[in-house]
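>>> sequence and computational prediction follow.
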Amino acid sequence: MLRFIAALAAVLLAACALVPTPARDAPPVILVSIDGFRPDYLDRGVTPVLSGLAASGVRGAMRPSFPSKTFPNHYALVTGLRPDRNGIVENTFQDPRWPGETFRMANRQAVQDRRWWDEGTPIWVSAERAGIATAPVFWPGAEAAIQGVRPRHSAPFDMQTPNDVRVQRLLGLLDLPTAERPRFLTLYFDTIDTAGHDYGPDAPETLAAVAQADAEIGRLVAGLKARGIAANLIVVADHGMAQLSPDRTLYMDDHLPADAYRYLTGGAFMTIYPAPGREREVATALQKPHDHFQCWAKADIPARFHYGKNPRVAPFFCLPQTGWTLTTRAYKPKKPEWGAHGFDPESPEMAAVFVANGPAFRAGVTLPAFDNVSVYPLLAKLLGVVPAANDGRVEDIAPALTP
């Protein structure tokens, strides 16, 4: 019996040795999302801070997960799961288990309801379980008690909060007493995405938003330096932005009568729900060849998109060519839209920026393009927590890490 207990103890000790031990005095990990920031914005001559961080650290371009929308990709970044597996399959979607309910970004009740989020395990949940304080402020999912776990520090998203206030809030969290101070923090800027939608990715207004976001990163870097904090800073985007034009507009009315279907999302793609009894009619019309767009039944979505198995995915998904808009004549937008995302993740316009700098990263590294789900295992490695099952590959970023 004693031999058995000794052997069991040896096995348990060996197993524990394989599990990373979080170092409480290790550098904080700061994940910054600049919504809609394309990698080529670094080459426009208005980003001295970010370009400097890239030159003395790491630079790369990420392929967003499909569909290239805000909530699915923010959740992919922190869970390492593509939207079809993390459950946030779009910005607006439904779950057949809960008839009459719709998840929308602006629906505060839904955003705070863990049922929508529980299919993924975001990095802050694993960190909190390991005893690491986190502050995923303004990050999608952070307002819910995912799998029953809340981050130590969070705040309801408020688009009206100025960027400089957001930076100061993060720095204030780093001024907390050691027992309360978070080791994983997030920062989120939405002004570039807004400008890209309103004016297009190449407009002077968008370039000005890029410069302003760069200045806020400078404010963050200066604040860290003043506090003597050598953080591992990772700057990402959820997707890029493509130029739109009124002469590249497609209308579903030309292919289906309005009473044959309903849709939840239009624009860079359209999610179609056939009316009861009209399924065959809708399938026949949508699956014909079309100029400038293609539709699939969810089971037939090409494998390269890794999409269509989740029950939350709409029965039919229609994807225009990048830069084209798919809508209906009945839809009247409040104002013209000159930029959009949601298109094929392989399109260069959809690429998202990746910049990393800090003690964990080598200097002057440019990574080949990689899938954004690989950010998650990187975060787990930097925090010293065991990653949950995921679709990422830390090997994609390993060449950029110090020994």
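Received, thanks.
>>> what pLDDT is listed against residue 148?
Per-residue confidence (pLDDT) for residue 148: 98.
>>> check the one 10 residues further on too.
Reading off the per-residue confidence, residue 158 sits at a pLDDT of 94.
>>> just residue 23 next, same as before
Listed pLDDT for residue 23 reads 50.
>>> bridged to residue 33, which residues?
residue 188, residue 236 (DSSP bridges).
>>> mind listing what it touches?
74, 77, 139, 186-189, 236-238 (C-beta atoms under 8 Å, 6 or more residues apart in numbering). Quick note: C-beta positions are derived from backbone N, CA and C, even for glycine.
>>> which one (most neighbours) among the residues you listed?
Among those, residue 237 has the most neighbours (other C-beta atoms under 10 Å), with 32 neighbours.
>>> can you give me the distance of that residue to residue 190?
From residue 237 over to residue 190 the distance is 11 Å, taken as C-beta to C-beta, to the nearest Å.
>>> quick one, what contacts residue 115?
By C-beta under 8 Å, 6+ apart, the contact set of residue 115 is 95, 98.
>>> state whether it is indeed within a helix.
Yes: assessed by DSSP: H, G, I helix; E, B strand; the rest coil, residue 115 belongs to a helix.
>>> now the helices for the stretch 101-250 of the chain?
For the stretch 101-250 of the chain, applying DSSP state H, counting those that start in this stretch gives helices covering 108-111, 123-129, 163-173, 191-199, 204-226.
>>> pick the most deeply packed of these.
Comparing the helices of the stretch 101-250 of the chain by mean neighbour count (mean count of other C-beta atoms under 10 Å), helix 123-129 comes out on top with a mean of 24.
>>> show me what contacts the nearest residue to residue 87 once chain neighbours are set aside?
Once flanking residues are discounted, residue 87 sits nearest to residue 119: 3.1 Å by C-beta to C-beta, 6 or more residues apart in numbering. Neighbouring residues of residue 119 by C-beta under 8 Å, 6+ apart: 81, 85-87.
>>> mind checking pLDDT for the residue lying closest to residue 122 once chain neighbours are set aside?
Spatial nearest neighbour of residue 122, excluding adjacent residues (C-beta to C-beta, 6+ apart): residue 78 at 4.3 Å. In this model, residue 78 is scored at 98, pLDDT.
>>> now do residue 78 against residue 141, distance only.
Counting by C-beta to C-beta, the separation of residue 78 from residue 141 is 7 Å.
>>> likewise residue 155?
According to C-beta to C-beta, residue 155 and residue 141 sit 13 Å apart.
>>> more neighbours: these two, which one.
Per other C-beta under 10 Å, whichever of residue 155 and residue 141 has more neighbours is residue 141, with 26 against 14.
>>> what's around the nearest residue to that one once chain neighbours are set aside, how many residues?
Distances taken as C-beta to C-beta, 6+ apart place residue 117 nearest to residue 141, at 4.9 Å, with adjacent residues excluded. Using other C-beta under 10 Å, residue 117 has 27 other residues around it.
>>> ditto for residue 78
28.
>>> wait, isn't it in contact with residue 127?
No: the pair residue 78 / residue 127 is not scored as a contact, 10.5 Å apart, by C-beta atoms under 8 Å.
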